[in-house]
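Chemist: Return a 3D structure for these sequence lines:
(one chain, ligands or ions: 1)
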Amino acid sequence: MALQVVATPLGNLDDITLRALDALRHADVIACEDTRHTRQLCERHGVRATLLAVHQHNENQAAEKIVALLREGKRVALVSDAGTPGISDPGARAVAAVRAAGFRAVPLPGPSAAIAALSVAGLPDARFMFAGFLPTKAAARRAEIEKLSSIPAALVFYEAPHRIEETVADLAAVLEPQRTLVVAREITKLFEEIEAMPLSAGPAWLAADANRRRGEFVLVVSGPPPRTGLDREAERVLATLLAELPVKQAAKLAAAITGAPKNELYARALELKGG
Ligand code: SAM
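Modeler: Next comes the predicted model:
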């Protein structure tokens, strides 16, 4: 017997693999986060297994139950509310317990919001770092973004609608403004929206329309720009001024504010303007 770890849809209930359907239809028990949520999926696809709730607060006991069921020879599948179990979702402890008890945990791969967002991000980065949810407190969040800032890879974040504005504001404040931000909202759902923009434009884009702040979000931020002779503060000041002023004036003011060489700022400003 093996625990089948099954990826399920992110929104569109048809996003489920043939193998996942087969595993769910043949399962005696499906361990899931919210039984009401998984019941909808089961009803849609003619799955009649018993549902067992596994969530953040009972994962240890639920893991023991799963092991006991496998010992009885029952077929058990593990799903989460959406996407792939164990990815910013419960699952890891159940998998570890199952393996420690001598059973296998086998993946039935399918949707995951991070991978779906990356597939349409269109960024040049060959690598990505899955950062998941950032801390909810502002100081801790900024410190975490600072830590991630020098990683030479695109960064992938999950965020909830009630924190999307603060998170995008902090990303724009801490990271280089010329990085690209891709907002992937409501992937596979009715109001799906995928939008790419300079990171510095992210806060204004969100503020422009309340609908843009609704739903579930993946944020993808391109990797650090190639290093210039300018430090991050000079880059930040220059990019901010360039949003409002012509190249020459922005470079002159940025030099006065930061003390960085005017000719370097001017060359960089031309680069940023694409000229
Ligand atoms: N296990 C899931 C996966 O494989 O992607 C992630 C679960 S995590 C608790 C939920 C977060 O995933 C949401 O807050 C959001 O950041 C992201 N997410 C899930 N579904 C999404 C969707 N349809 N569109 C955009 N983001 C989504």
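Chemist: When you work out contacts or count neighbours from here on, use the C-alpha atoms and nothing else.
Modeler: Fine.
Chemist: Can you report how many residues lie near residue 250?
Modeler: 23 (other Cα atoms under 10 Å).
Chemist: And it, how far from the ligand?
Modeler: According to Cα to the nearest ligand atom, to the nearest Å, residue 250 and the ligand sit 37 Å apart.
Chemist: My understanding was that that residue contacts residue 235; is that so?
Modeler: No - shown here, residue 250 and residue 235 do not form a contact pair, counting by Cα atoms under 8 Å, at 11.3 Å.
Chemist: In PDB, list the C-alpha atoms belonging to stretch 156-176.
Modeler: The C-alpha trace of stretch 156-176 is given here as PDB (Å, rounded to 0.1, in the frame of the first residue of the first chain):
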ATOM      1  CA  VAL A 156       7.700  33.500  -6.500                       C
ATOM      2  CA  PHE A 157       5.300  34.600  -3.700                       C
ATOM      3  CA  TYR A 158       1.800  33.500  -2.600                       C
ATOM      4  CA  GLU A 159      -0.400  36.200  -1.200                       C
ATOM      5  CA  ALA A 160      -3.900  36.700   0.100                       C
ATOM      6  CA  PRO A 161      -6.100  39.600  -1.100                       C
ATOM      7  CA  HIS A 162      -6.200  41.400   2.200                       C
ATOM      8  CA  ARG A 163      -2.400  41.700   2.200                       C
ATOM      9  CA  ILE A 164      -1.600  42.100  -1.500                       C
ATOM     10  CA  GLU A 165      -1.200  45.900  -1.300                       C
ATOM     11  CA  GLU A 166       1.200  45.900   1.600                       C
ATOM     12  CA  THR A 167       3.200  43.100   0.100                       C
ATOM     13  CA  VAL A 168       3.600  44.700  -3.400                       C
ATOM     14  CA  ALA A 169       4.400  48.000  -1.700                       C
ATOM     15  CA  ASP A 170       7.200  46.400   0.300                       C
ATOM     16  CA  LEU A 171       8.500  44.500  -2.700                       C
ATOM     17  CA  ALA A 172       8.700  47.700  -4.600                       C
ATOM     18  CA  ALA A 173      10.300  49.600  -1.700                       C
ATOM     19  CA  VAL A 174      13.000  47.000  -1.000                       C
ATOM     20  CA  LEU A 175      13.900  45.500  -4.400                       C
ATOM     21  CA  GLU A 176      15.300  47.200  -7.500                       C
END
